[in-house]
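K.L.:
what's the 3D shape of this:
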Amino acid sequence: MGPSLLLYTLRRLVQAVPLVFVIILINFALIHAAPGDPIDFLLGSSDATEEYIAQLRAEFGLDRPLPEQLLAYLGKMLSFDLGYSLRFREQVLTLILSRLPATLLLMGTALVVASLLGILLGAVAARRPYSATDNVATLAALAGYSMPVFWLGQIMLLVFALHLAMFPTQGMMSLRAPREGLGMVLDVAHHLVLPVATYSVYHLALVFRLTRVKMQETLALDFITTARAKGLPEGRVVYRHALRNAMLPVVTVIGLNFGFMLAGSVLTETVFAWPGTGRLLFDAIQARDYPLLMGLFTVLSVMVILANVLTDVIYALIDPRVVYR
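P.N.:
Numbering: from 1, shown residues only. The predicted model follows:
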């Protein structure tokens, strides 16, 4: 990494600080404006007295005006204290960090699978446009792009888990599986197949379609004609010259997919009972768990911002013509 790129990365990280502050303000306003009261969820159907309800609201700081709650929350954020979960009775940061590895495993695997297959299939299809292979791949990508994630996940469960019994129906590990070593890795991988397949279909279709279009545009340029006239092998022309020049918009979409996958993990993790932050977010919404919701939104937003910065850095590694100021 050159000095100019390093300075640009540091400048982007500094610029992200006020953006995170704005995100916290928006999250705080939206969550507190939503209907429902976390105290009602904590009490359930019990007949609590007004004194006990007031005691609970004072204990969790819900009796104070919203500006005071916001200032107190911002003060805690400076020391990385995201608060205390009303639903799980645990520190929010500890709870999120315990669930984050499962989500990153699922999302990272799906992102790598979708990106690599999408780029490879898009490059192959672009070499012979409007051929039978190209038409079948384009039709399959259109179908995959149009399928709702929750519907596809349920179909996967019905076909491959219930009827064919090839994969487990839910969870990340079997109760009787080993807790360490190769046995644990194989068991987690077995549970990972269906969620990854469901999670990656939409993003694979998106990367495929963009790669195919950009590859067709690049293969029609003059420098590709010159490379072929020099007698370079077709594989080198396509995969080294054309693909590298067509990758910039594809890298942009892959970087955006990171954010979409974080936000969309709720559906996939709920369908497959995957113990990640998506399922945790679903439980927090149901419980009106304000500290946990704000903590999750803040952590996920920071991860998306960092992914965008990383995408810009990858630009320079792919195309040295990119200049940062």
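K.L.:
counting neighbours, which bits of the helix or strand containing L186 end up buried?
P.N.:
Under the criterion of DSSP states H and E, L186 resides in helix 181-219. Neighbour counts over helix 181-219 (16 or more other CB atoms under 10 Å) mark 187-188, 191-192, 194-212, 214-216, 218-219 as buried. Every residue, glycine included, has its C-beta placed from N, CA and C.
K.L.:
ditto for stretch 154-172
P.N.:
So stretch 154-172, judged by 16+ other CB under 10 Å, has buried residues M156, L157, F160, A161, F167, P168, M172.
K.L.:
check those residues and tell me the two furthest apart.
P.N.:
Largest separation among the buried residues of stretch 154-172 by CB to CB: F160 and M172, giving 17.0 Å.
K.L.:
who's in contact with the strand or helix carrying G144?
P.N.:
If you go by DSSP H and E, G144 is part of helix 132-146. Applying CB atoms under 8 Å, 6 or more residues apart in numbering, the contact partners of helix 132-146 are 121, 124-126, 128, 201-202, 204-206, 208-209, 212.
K.L.:
low-confidence stretches in the stretch 151-300 of the chain?
P.N.:
263-264 (pLDDT under 70).
K.L.:
that one: strands as residue ranges?
P.N.:
For the stretch 151-300 of the chain, no strands are identified by DSSP state E, counting those that start in this stretch.
K.L.:
the helices in it, which residues?
P.N.:
181-219, 222-229, 234-236, 243-271, 277-287, 290-318 (DSSP state H, counting those that start in this stretch).
K.L.:
so can I have CSV of those showing distance to F150?
P.N.:
Listed next are the helices of the stretch 151-300 of the chain as CSV, based on distance: least, CB to CB, whole Å:
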stretch, distance to F150
helix 181-219, 9
helix 222-229, 42
helix 234-236, 40
helix 243-271, 5
helix 277-287, 12
helix 290-318, 19
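K.L.:
of those, which is nearest R12?
P.N.:
Here helix 290-318 is closest among the helices of the stretch 151-300 of the chain (CB to CB), at 4.8 Å.
K.L.:
against which helices or strands is that closest one packed?
P.N.:
Contact analysis of helix 290-318 by 3 or more CB pairs under 8 Å, 6 or more residues apart in numbering; DSSP states H and E lists helix 3-33, helix 92-127, helix 243-271, helix 277-287 as its packing neighbours.
K.L.:
buried residues, the third one. List them.
P.N.:
For helix 243-271, the buried set under the neighbour-count rule, 16+ other CB under 10 Å, comprises 243, 245-247, 250-259, 261-262, 264-271.
K.L.:
with the shortest one instead?
P.N.:
By neighbour count with 16+ other CB under 10 Å, helix 277-287 contains the buried residues T277, G278, R279, L280, L281, A284, I285, A287.
K.L.:
mind listing what the closest residue to the fourth one other than its chain neighbours touches?
P.N.:
Translated: L280. In this structure, L280 finds its nearest non-sequential neighbour in R99, 4.9 Å apart by CB to CB, 6 or more residues apart in numbering. Shown in contact with R99 (CB under 8 Å, 6+ apart): P275, G276, T277, R279, L280.
K.L.:
tell me which of these is nearest to P178?
P.N.:
Among these, and counting by CB to CB, the member closest to P178 is P275, at 17.9 Å.
K.L.:
hmm, the closest one is touching M172, no?
P.N.:
Yes: with contact defined as CB atoms under 8 Å, P275 reaches M172; the gap is 5.6 Å.
K.L.:
what touches both of the two?
P.N.:
A102.
K.L.:
and L66, what does it touch?
P.N.:
H32.
K.L.:
what's the spacing between it and L182?
P.N.:
52 Å (CB to CB, to the nearest Å).
K.L.:
again with L157
P.N.:
27 Å.
K.L.:
repeat for L10
P.N.:
41 Å.
K.L.:
tell me the contacts of the residue nearest to V149 when sequence neighbours are not counted?
P.N.:
Nearest residue to V149 in three dimensions, chain neighbours excluded: L267, at 4.9 Å (CB to CB, 6+ apart). By CB under 8 Å, 6+ apart, the contact list for L267 reads V149, F150, G153, G278.
K.L.:
between the residues you listed, which is nearest V14?
P.N.:
The closest of the contacts of L267, once distances to V14 are taken by CB to CB, is G278, at 30.1 Å.
K.L.:
you'd agree the closest one is up against V266?
P.N.:
Yes: contact criterion CB under 8 Å: G278 and V266 qualify, at 4.2 Å.
K.L.:
give me the contact list for stretch 152-166.
P.N.:
So stretch 152-166 is contacted by F167, P168, T169, L194, P195, A197, T198, V201, L267, T268, V271, F272 (CB under 8 Å, 6+ apart).
K.L.:
please name the nearest non-neighbouring residue to R127.
P.N.:
V238 (5.9 Å).
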